[in-house]
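Novice: Below is the sequence, then the predicted model.
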Amino acid sequence: MTETIREGDLILLILPEGAHYLLRAEDRLFHTHRDYVALGEFIGKPFGTRVLGANGTPFYAVQPTLHDHLMKLRRATQIIYPKEIGIILLKLDVGPGKTVLECGTGSGALTTALAHAVGSDGRVITYEREDRFRELARENLRRAGLEERVIFKGEAVEGFEEEDSVDAVFLDVREPWELLPAAWRALKGGSPFGALVPTVNQVSRLLSALAELPFVGLEVQEILQRFYKVNPERLRPEDRMVAHTGYLIFARKVFEK
């Protein structure tokens, strides 16, 4: 059965040319560069409904996906993009009931995806030293309805409080090698470790540090993404592409080499 839009629900508003906006269904007017529409007209109607704007422009209200939340979250930092998040979730085997430790919350894009993946019985433990980033991440998680799945902690000055108890660790910090011993201690045996860094210098430094600890299965990868114009008569790549955003490093904890 198609779900009905209730007052206060988040909707993704899509225009014919592809512009889209993440909004709440409420009694107010929403203006765009081409037209405006009364958001209250969507209330009580099913997702997928079309409402015409004042000038006849069709506005479509669909149910937001996790991808929509990630691309529309409020940010004060660089975020980890969906093209990396997808492989991170798979490589770290993030799923319902898992406990995942993250360091470097930032604006909370990866935190949101992790919280979505662990389900209501799982937990995400996220460390962030900046109060303003923690509050922004909380706001983004609250907007997505996922705040209760996340435990926020401050700066990992002396490592992590967790030991031999988490199913995966991911580091998104400037010097991840400094937290590598703490990450190893936090992980359950055989569990996956991941990190993202923007430069090859950092990759080299992290690989050297991983080689000194009981980690195996080291892997480095970079993910490029290219969109295509959606005109079936002139199908070709877009002029711009989402190229380098970071290097991903993965490994597995063992007890001895």
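Specialist: In hand now; what should we look at?

Novice: Please enumerate the helices of this structure.
Specialist: Along the chain, the stretches classed as helices by DSSP state H are 66-72, 82-91, 109-118, 131-144, 180-186, 200-211.

Novice: Check which helices and strands the last one sits against.
Specialist: In this case it means helix 200-211. For helix 200-211, the packing partners by 3 or more Cβ pairs under 8 Å, 6 or more residues apart in numbering; DSSP states H and E come out as helix 180-186, strand 192-197, strand 215-221, strand 247-253. Quick note: C-beta positions are derived from backbone N, CA and C, even for glycine.

Novice: The fifth one now?
Specialist: On a contact count with 3+ Cβ pairs under 8 Å, 6+ apart, helix 180-186 meets strand 99-103, strand 168-171, helix 200-211.

Novice: where does residue 157 land on pLDDT?
Specialist: In this prediction, residue 157 carries a pLDDT score of 81.

Novice: roughly how far apart are it and residue 178?
Specialist: Per Cβ to Cβ, to the nearest Å, residue 157 is found 11 Å from residue 178.

Novice: Likewise for residue 195?
Specialist: 12 Å.

Novice: The two: which is more packed in?
Specialist: Neighbour totals were compared for residue 195 and residue 178, and residue 195 leads with 27 against 14 (other Cβ atoms under 10 Å).

Novice: Would you check how far apart that one and residue 62 are?
Specialist: For residue 195, the distance to residue 62 - Cβ to Cβ - is 35 Å.

Novice: now swap in residue 222 and tell me
Specialist: According to Cβ to Cβ, residue 222 stands 32 Å off from residue 62.

Novice: quick one: contacts for residue 160?
Specialist: Going by Cβ atoms under 8 Å, 6 or more residues apart in numbering, residue 160 touches 101, 103, 125, 127, 179, 182-183, 185-186.

Novice: let's see it at 10 Å
Specialist: 101, 103, 125, 127, 153, 166, 169, 179, 181-183, 185-187 (Cβ atoms under 10 Å, 6 or more residues apart in numbering).

Novice: Same check on residue 214?
Specialist: By Cβ under 10 Å, 6+ apart, residue 214 lies in contact with 184, 189, 251-257.

Novice: Between all of the residues you listed, which two are separated the most?
Specialist: Using Cβ to Cβ, the contacts of residue 214 span at most 14.7 Å, a distance reached by 251 and 256.

Novice: thinking again about what came up before, any of the contacts of residue 214 buried? List them.
Specialist: Buried members of those, counted by 16 or more other Cβ atoms under 10 Å: 184, 251-253.

Novice: out of the residues you listed, who's nearest residue 93?
Specialist: Distance to residue 93 across these (Cβ to Cβ) is lowest for residue 252, with 10.5 Å.

Novice: Report the residue ranges of every domain in the protein.
Specialist: 10-62, 67-253 (automatic domain parsing).

Novice: just the ones you listed: most buried one?
Specialist: domain 67-253 (a mean of 18; mean count of other Cβ atoms under 10 Å).

Novice: wait, what's in contact with the residue nearest to residue 94 when sequence neighbours are not counted?
Specialist: By the measure of Cβ to Cβ, 6 or more residues apart in numbering, the closest residue to residue 94 outside its immediate chain neighbours is residue 117, 4.4 Å from it. Under the criterion of Cβ under 10 Å, 6+ apart, the contact list for residue 117 reads 66, 85, 88-90, 92-96, 98, 100, 124, 149.
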